[in-house]
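Starting from these lines, generate the structure:
(chains A and B)
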Number of protein chains: 2
Amino acid sequence: MSVITIERKVLEKNDEIARRNRELFARHGVFVINMVSSPGAGKTSILEKTLEHLKQRIPVAVIEGDVQTDIDAQRVARYGVPAVQILTRGGCHLEAHLVSDALAAIDLAATKILVIENVGNLVCPSNYDLGEAMKVVVASTTEGDDKPLKYPGMFHNASVLIINKVDLIPYLNCRLDVLRANALRINPSLRVFETSCTSGQGIPEWCAWLADQARP
Amino acid sequence: MSVITIERKVLEKNDEIARRNRELFARHGVFVINMVSSPGAGKTSILEKTLEHLKQRIPVAVIEGDVQTDIDAQRVARYGVPAVQILTRGGCHLEAHLVSDALAAIDLAATKILVIENVGNLVCPSNYDLGEAMKVVVASTTEGDDKPLKYPGMFHNASVLIINKVDLIPYLNCRLDVLRANALRINPSLRVFETSCTSGQGIPEWCAWLADQARP
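Below you'll find the model as predicted:
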């Protein structure tokens, strides 16, 4: 029995559970995003800014995925939203069954938007459907403008790209137009936002778009 | 047959090939480092600066690991050193057999230092021995000061930590002393360098240390 066969079985099993998650989200009218990025690209900071903007208007819940520590769930919980931490204990990505388990702690009937923050990893999470409506990939300007070409799977499978830390552009070699063009070359249908959690640039546009998706 | 069993077999097979790589490196007196980091932390930039410093004095060869594109091997080849690109085509880490294959294109008898630049991924590459003398983990200040706590496996398995992009500290929330303390909490024996490829800070110290390791 080859490793490839086993991996295919793992993915098939994951897809089956993801399908059930997706049905559950549809039944409750919950819009679900799966946020992915390299470590430290700013997923949690964008989420914090998003909660600041949306939590008075739209009920948001959060599932945090990390290899270790509940630092992110603690950061998010300060905004008074339901937050569940999944620890993968060495695992490099979330899988649908982990999300399914975490859902036991979330009242989906009282939720409009569910944000799943994946493990910081630009490779492995791209292959695992969690039942989300779409993947949102965050790319930091500090990572350079070639990342979409070097990690195409994630940009191909995402529907939205948030280019974060644009306030640092003056101090970097990263060319914003090249980063954007490289991403659109991999996936021409990407919806692109440019944000800074320091200056607040682009956050209202991103939040307005997200709120629109959550409307029935 | 469980997935865990298969994975253990994969790791055991990898360890066996890594052992053979290590013996080969020892026979030729080649000092080998396995550079790991998040995508865009600056592994290739540090490598370029290292080649600038060392290539006149010490024969260096490079193996580049990427999911896609030979951008990095092209960058490195400009310095006139032997460079081999491994494309994992979706794979999230290098394995010992890929390095073994790449060695066919490198004259080990004419090499003193071999740098293997792994796929940008702070999780998976930590589990795969390539036969290197040590892992060098690069952490960018832009990723924040909590990364060693959130991705402990990599910091635990590395012997050297390069904290890169220290020139950006004035524009970030990252606290250098906290980042360093978090890393040393996971692994008290880490040798730490602080570098900037923009200002050149710390590069001579890192290169002097590396050159010392390569001496018989």
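
Where do the helices of chain A begin and end?
According to DSSP state H, chain A carries its helices in the segments A:3-28, A:43-54, A:71-77, A:96-102, A:147-150, A:152-157, A:176-186, A:203-214.

Tell me which of those sits nearest to B:L149.
For the helices of chain A, proximity to B:L149 was assessed by CB to CB; helix A:71-77 is nearest, at 6.9 Å. Bear in mind the C-beta positions are built from the backbone N, C-alpha and C, glycine included.

could you dump that closest one to CSV, C-alpha only?
In CSV, the C-alpha atoms belonging to helix A:71-77 read as follows (Å, rounded to 0.1, in the frame of the first residue of the first chain):
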residue,chain,number,x,y,z
ILE,A,71,-2.4,33.3,22.4
ASP,A,72,-4.7,34.0,19.4
ALA,A,73,-8.0,32.8,21.0
GLN,A,74,-7.1,35.0,24.0
ARG,A,75,-6.5,38.0,21.7
VAL,A,76,-9.8,37.4,20.0
ALA,A,77,-11.9,36.7,23.1
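
if we can go back for a sec, TSV for the helices of chain A, including mean pLDDT and distance to chain B?
What follows is the helices of chain A, written out as TSV (pLDDT from 0 to 100; distance: least, CB to the nearest CB, whole Å):
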stretch	mean pLDDT	distance to chain B
helix A:3-28	86	5
helix A:43-54	97	9
helix A:71-77	95	6
helix A:96-102	96	13
helix A:147-150	97	5
helix A:152-157	97	5
helix A:176-186	98	10
helix A:203-214	97	16
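
Just give me the neighbour total for A:R19.
As a burial measure, A:R19 scores 13 neighbours (other CB atoms under 10 Å in any protein chain shown).

Look up the closest residue to it, ignoring the ones flanking it.
Using CB to CB, 6 or more residues apart in numbering or on different chains and skipping the chain neighbours, the partner closest in space to A:R19 is A:G131 (7.1 Å).

Assess the claim that that neighbour and A:A26 are in contact.
No: the criterion here is CB atoms under 8 Å, and A:G131 misses it with A:A26 at 9.5 Å.

more crowded one of the two?
Legend: neighbour count by other CB under 10 Å for A:G131 and A:A26, higher for A:G131 (24 against 13).

who touches the spatially most central residue of chain A in this structure?
When chain A is reduced to its mean C-alpha position, the nearest residue by CA atoms, centre = their mean turns out to be A:M35, at 0.3 Å. A:M35 is in contact with A:K43, A:I46, A:L47, A:V115, A:I116, A:E117, A:N118, A:K135, A:V136, A:V138, counting by CB atoms under 8 Å, 6 or more residues apart in numbering or on different chains.

Distance check, the third one against B:D145.
Pointing back at A:L47 there. 18 Å (CB to CB, to the nearest Å).

Comparing those two, which residue is more hemmed in?
Set A:L47 next to B:D145 and count neighbours by other CB under 10 Å: A:L47 wins out with 25 against 22.

Just give the closest residue to A:V137, not the sequence neighbours.
A:A158 (4.0 Å).

Next one, pLDDT for that neighbour please.
Turning to A:A158, the model gives it a pLDDT of 98.

Starting from chain B, give me the distance back to it.
Separation of A:A158 from chain B (CB to the nearest CB, to the nearest Å): 15 Å.

Next up, the contacts around that residue.
Applying CB under 8 Å, 6+ apart to A:A158 gives the contacts A:V36, A:M134, A:K135, A:V136, A:V137, A:N187, A:L190.

With A:F25 as the reference, measure out to the closest residue to A:A102 other than its chain neighbours.
What sits nearest to A:A102 in space, not counting adjacent residues and going by CB to CB, 6+ apart, is A:V84, at 4.4 Å. Distance, A:V84 to A:F25, by CB to CB: 15 Å.

Likewise for A:E143?
Distance of A:E143 to A:F25, computed by CB to CB: 31 Å.

Which one of those two is surrounded by more residues?
Neighbour totals were compared for A:E143 and A:F25, and A:E143 leads with 29 against 19 (other CB under 10 Å).
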